[in-house]
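Engineer: can you look at this prediction? I've put the sequence above it.
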Amino acid sequence: MSSLLPPSLSDTIVALSTPPGSGAIALVRLSGSQAIALTESIFAGKSLQEQATHTLHFGTLRDGERILDEVVVSLFRAPRSYTREDVVEISCHGSDYIVQQVLSLLVRGGARLAEAGEFTKRAFLHGAFDLAQAEAVADLIASDSALSHQVAMQQMRGGFSRELKELRARLVQFASLLELELDFGEEDVEFADRSGLTNLLQELEGIIRQLLRSFELGNVIKNGVTTVIAGKPNAGKSTLLNALLNEERAIVSAIPGTTRDFIEDEVSLEGIRFRFVDTAGLRDTTDVVESMGVERTRQRVRQAALLLYLFDLTTASPAQLAAELAELNPGNLIPALAVGNKLDQISSAEAAAYADTDALLLSAATGRGMDELKQALLQKVRGTGLDRTGSATIVTNVRHARSLEAALAALLAVQAGLQSNTGTELLAADLRRALAYLGEITGEISTDDLLTSIFTQFCIGK
């Protein structure tokens, strides 16, 4: 297959695969036909050319007679490597100076600095995995919660790809029969059973719709639950944000209107990532800047996955709470959690007035009720199935979702064509479109522009 690859992919590439900056260890990775020879040209130790794959070798790196560092070299011979090419990984000390010297020596010897994502791109082009799995590598690197890690691992191991390939294989069988009919168009014969095709299309429509529904959940897993903290000035929104984050992230002041713009930060609760957004207090004001903040708050609420409405127990009443929530979240279109703050400043009798409401009462300043709030937040999102992902296929990638939507539209067009007795040529064209969109996800059908767009989002050393 290498003879079919673009010339640039015949180069031996090199990059730092650990984060830049001083550290105990840095890992420099090479991939390509000259990876072992280039490394050996600056390595003093065993002859690397004579060593077996998947072995480690201690020695020194030298620039002429000058010893640069003591290193451990890992050898992975093609095709038993990440890229399916010869790969060498040099573990050196994590000095910026040492790393730059090593890279410079290897580039002078004939290597080329790798582009973003080029190691993974080579792995894809050499058939190590498909495009959906390659994108899952980036998701795995970026995962910062138990759920995002779980979903990325499931996709990287090919769960989503297998499901798509099964869908595509079943469609290919019918598409080939329709194409055969076109070859015998003058003889008016049907090789594809129309009723069988209808049943298959309906089944595939259901599967794709289920995958598309999972995207809403997948987006939350990947990007976190955007939770907007809204309420009137001095309700304690900034104090609550600080309590949730366990740090002084937001300025706390008794002066109304202190918060005029968004303050965002994230916290993981039992593996689910919440992105909390502290907003400007909701009130009528003549201050132009504060008024802009209030309007932006209302806009942000409409975009939220979850609304945490905070009210002041010392000034509000259950009736006022209901009216304020109805005005801010008409029709309960956004999942909302009403939270009464300053529980430490009211009597038990005053707190009892909220017994018939769904409001949760707490004191952000003292920490009383914070554990209950965290559990209430988890319960709000668990209704979406976040804690029951198991081995289910979940779509987390926007590109995949758009391709699935386009494939579904093509399948619906085929169904409509069957019902209206559309000619075989049009049915076959719509089926080809559906197959193409499904193939785009796994990379069975791809373009240079698509691959460039995907792999440039990776870090350099991956």
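Structural biologist: Looks like it arrived, so ask away.

Engineer: next one: the residue positioned nearest the centre of the chain from Ala304, what distance?
Structural biologist: Centroid-nearest residue in the chain, with Cα atoms, centre = their mean: Lys222, separated by 4.2 Å. As judged by Cβ to Cβ, to the nearest Å, Lys222 and Ala304 stand 17 Å apart. C-beta coordinates here come from the backbone N, C-alpha and C atoms, glycine included.

Engineer: now do Ala349
Structural biologist: As judged by Cβ to Cβ, Ala349 and Ala304 stand 34 Å apart.

Engineer: ok, the two, which is more surrounded?
Structural biologist: A count of neighbours by other Cβ atoms under 10 Å puts Ala304 above the other of Ala349 and Ala304, at 21 against 7.

Engineer: now do the contacts for that one.
Structural biologist: Contact analysis of Ala304 by Cβ atoms under 8 Å, 6 or more residues apart in numbering lists 226-228, 277, 334.

Engineer: what comes into contact with stretch 336-348?
Structural biologist: 235-236, 239-240, 306-314, 316, 321, 325, 329, 351, 354, 357-366, 368-369, 373, 376-377, 380.

Engineer: if we use 7 Å, what do you get?
Structural biologist: With contact meaning Cβ atoms under 7 Å, 6 or more residues apart in numbering, stretch 336-348 is reached by 235-236, 240, 306-314, 321, 325, 329, 351, 354, 357-366, 368-369, 373, 376-377, 380.

Engineer: what does stretch 455-462 give?
Structural biologist: 15-17, 29, 114, 116-121, 137-138, 141.

Engineer: out of those, the closest to Gln155 would be?
Structural biologist: Closest approach between the contacts of stretch 455-462 and Gln155, by Cβ to Cβ: Val137, at 9.4 Å.

Engineer: my hunch is that the closest one is in a helix, does that hold up?
Structural biologist: Yes. Secondary structure of Val137 (DSSP: H, G, I helix; E, B strand; the rest coil): part of a helix.

Engineer: wait, it touches Thr120, no?
Structural biologist: Yes. Contact status for Val137 versus Thr120: in contact at 5.5 Å, counting by Cβ atoms under 7 Å.

Engineer: more neighbours: which of those two?
Structural biologist: Thr120 (24 against 21).

Engineer: can I get the helix or strand containing Leu411 in CSV, CA atoms only?
Structural biologist: Per DSSP states H and E, Leu411 falls inside helix 398-419. Listed next in CSV are the C-alpha coordinates belonging to helix 398-419 (Å, rounded to 0.1, in the frame of the first residue of the first chain):
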residue,chain,number,x,y,z
VAL,A,398,-20.5,16.6,15.5
ARG,A,399,-19.1,15.4,12.1
HIS,A,400,-20.5,11.9,12.7
ALA,A,401,-23.9,13.3,13.7
ARG,A,402,-24.1,15.4,10.5
SER,A,403,-23.2,12.5,8.3
LEU,A,404,-25.8,10.3,10.0
GLU,A,405,-28.4,13.1,9.4
ALA,A,406,-27.5,13.2,5.7
ALA,A,407,-27.6,9.4,5.5
LEU,A,408,-31.1,9.3,7.2
ALA,A,409,-32.4,11.9,4.7
ALA,A,410,-31.1,9.7,1.8
LEU,A,411,-32.8,6.6,3.3
LEU,A,412,-36.1,8.5,3.7
ALA,A,413,-35.8,9.5,0.1
VAL,A,414,-35.5,5.8,-0.9
GLN,A,415,-38.5,4.9,1.2
ALA,A,416,-40.5,7.7,-0.4
GLY,A,417,-39.4,6.5,-3.8
LEU,A,418,-40.5,3.0,-3.1
GLN,A,419,-44.0,4.2,-2.1
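
Engineer: for the helix or strand just after it, packing partners?
Structural biologist: Counting by DSSP H and E, the element after helix 398-419 in chain order, helix or strand, is helix 424-442. Applying 3 or more Cβ pairs under 7 Å, 6 or more residues apart in numbering; DSSP states H and E, we find helix 424-442 packed against helix 131-142, helix 159-183, helix 398-419.
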